[in-house]
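> Dropping the sequence and predicted coords here.
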Amino acid sequence: MPHPVHYSDYLQLDKILNAQVMESDLAGAPAHDEMLFIIIHQAYELWFKQILFEIDSIAAIMNQPQINDNSPELQTVVHRLDRIETILKVAVHQIDILETMTPMDFLDFRDFLRPASGFQSWQFKITEAKLGLRFTERHGQEYYISQLRPEHIANIKSVESAPNLLDLVNDWLERMPFFDEPAFWTSYQRLYPDTNEGKNPFWSDYTAIYANSLVDGEKQNLQHFENLFFDGKPIPERRLSARACRAALFIMLYRGYPLLQAPFQLLNNLLDIDEQLSTWRYRHVSMVTRMIGYRTGTGGSSGRDYLKGALDKHYIFREIAALSSYLIDRRRLPQLSKELEERLGF
């Protein structure tokens, strides 16, 4: 028989409920809103811990040599990505609570916090790195870890040197088998003569259809299309390979087929996560501007300017979002072969 568990003991409430020590109290100048400030940020760190727990579990699944796209495993990945997105929505809405504190309320205790700062949240930096934000893509590279303790810096650097979620998504997309199996294309009916030696007949047709869909101001897109999907002119700092980009675009185009619904939802979840992170950063910039204007942050950072720079630069899954530039409308989509249609069904 399992031992009896009490609610208070299970949640370790004695530790949690006694973990709010107000610096203003210690200084003999109690500031009422400091309690709210502490609890909000403790809640953030707990949510970051849960997000990291979810990312690690997703990475363990996606790091396998093979994943059946019609399996509970992929559904689990989609479900946990959806959970991360929902947690980030909660993180955004917590700012509504924090903004019940006015700038004057904050000034009652702000000076007692120096040099503590949200900039020192090592869990958030690890979250960004595990999702796929690389050091070379960071805003403020010269000081983004300057205020952290050595053990936290070591942890972040270790994460940055390891495969991240975006790397694993690239590997997963590259394993899509449909274009490597000639049997799926034996009955495919070409729409255009083959003018692209070496391309699968589908992609030869798709290139022609996409080219014909471009208006005068978009003709340069065709060269971008070739560079992105067929390794034309090298693209600096690309994260998704040409093969992975072709697979992701195919998923977006034919997501109505049962086998591609979960892969499409996975890609969509990644874009939703990026959107929520961007929304969180935007709300954070707005809140900081409202609270302290253009003053320096308590940790010595440039405050609003740093946050705005991160907002503009820290898009992790931007290459997936950019694939929308290369979609065509459903009426023009090539009809897949009977063999492939059967494979894409359940």
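Yep, that arrived. Note that the structure is a prediction, hence the values are computed from the model and not measured. Residues are numbered from 1 along each chain as shown.
> just the helices in the stretch 201-346 of the chain please.
Along the stretch 201-346 of the chain, counting by DSSP state H, counting those that start in this stretch, helices occupy 201-213, 221-230, 242-253, 258-292, 304-313, 318-322, 338-344.
> then the helix or strand bottoming out on mean pLDDT in the chain to PDB, C-alphas only?
Scoring the helices and strands of the chain by mean pLDDT, DSSP states H and E places helix 304-313 at the bottom, with a mean of 75. What follows is helix 304-313, C-alpha atoms only, in PDB (Å, rounded to 0.1, in the frame of the first residue of the first chain):
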ATOM      1  CA  ARG A 304      13.600  48.800 -22.700                       C
ATOM      2  CA  ASP A 305      16.200  49.000 -25.500                       C
ATOM      3  CA  TYR A 306      17.500  45.500 -24.800                       C
ATOM      4  CA  LEU A 307      14.000  44.000 -24.700                       C
ATOM      5  CA  LYS A 308      13.100  45.700 -27.900                       C
ATOM      6  CA  GLY A 309      16.200  44.400 -29.600                       C
ATOM      7  CA  ALA A 310      15.400  40.800 -28.400                       C
ATOM      8  CA  LEU A 311      11.800  41.300 -29.700                       C
ATOM      9  CA  ASP A 312      13.100  42.200 -33.200                       C
ATOM     10  CA  LYS A 313      15.700  39.400 -33.400                       C
END
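> and that helix, how far from the chain's centre?
The chain centre lies 17 Å from the centre of helix 304-313; the measure is CA atoms, centre = their mean, to the nearest Å.
> Need the residues that contact that helix.
Helix 304-313 is touched from outside by 119, 137-140, 278, 281-282, 284-285, 288-289, 292-294, 297, with contacts defined as CB atoms under 8 Å, 6 or more residues apart in numbering. Quick note: C-beta positions are derived from backbone N, CA and C, even for glycine.
> let's go with 7 Å and repeat that
Outside of helix 304-313, the residues within contact range by CB atoms under 7 Å, 6 or more residues apart in numbering are 137, 139-140, 278, 281-282, 284-285, 288-289, 294.
> Adding pLDDT, write those out as CSV.
Formatted as CSV, the contacts of helix 304-313 follow (pLDDT from 0 to 100):
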residue, pLDDT
E137, 88
H139, 82
G140, 78
S278, 93
R281, 89
Y282, 90
H284, 87
V285, 86
V288, 86
T289, 86
Y294, 70
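> Of these, grab the buried ones for ChimeraX.
Burial among those is assessed by 16 or more other CB atoms under 10 Å; the matching ChimeraX selection reads:
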select :137,140,278,281,284,285,288
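> and of the contacts of helix 304-313, the nearest to L11?
For the contacts of helix 304-313, the residue nearest L11 by CB to CB is H284; the value is 28.7 Å.
> What residues does that closest one make contact with?
H284 touches L307, counting by CB under 7 Å, 6+ apart.
> Mind listing what's buried along stretch 21-33?
Neighbour-count burial for stretch 21-33, counted by 16+ other CB under 10 Å, picks out 22-24, 31, 33.
> swap in stretch 103-113?
Buried, per 16+ other CB under 10 Å, within stretch 103-113: 105-106, 108-110, 112-113.
> How far off centre is it?
That offset, for stretch 103-113, works out to 33 Å (CA atoms, centre = their mean).
> Convert the C-alpha atoms of that stretch to PDB, please.
Output of stretch 103-113 as PDB, limited to C-alpha atoms (Å, rounded to 0.1, in the frame of the first residue of the first chain):
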ATOM      1  CA  PRO A 103       4.800  53.000 -11.600                       C
ATOM      2  CA  MET A 104       4.700  54.800  -8.300                       C
ATOM      3  CA  ASP A 105       3.900  51.500  -6.500                       C
ATOM      4  CA  PHE A 106       7.000  50.000  -8.200                       C
ATOM      5  CA  LEU A 107       9.200  52.900  -7.100                       C
ATOM      6  CA  ASP A 108       8.300  52.100  -3.500                       C
ATOM      7  CA  PHE A 109      10.600  49.100  -3.600                       C
ATOM      8  CA  ARG A 110      12.500  49.200  -6.900                       C
ATOM      9  CA  ASP A 111      15.800  50.500  -5.500                       C
ATOM     10  CA  PHE A 112      15.900  47.600  -3.000                       C
ATOM     11  CA  LEU A 113      16.100  45.100  -5.800                       C
END
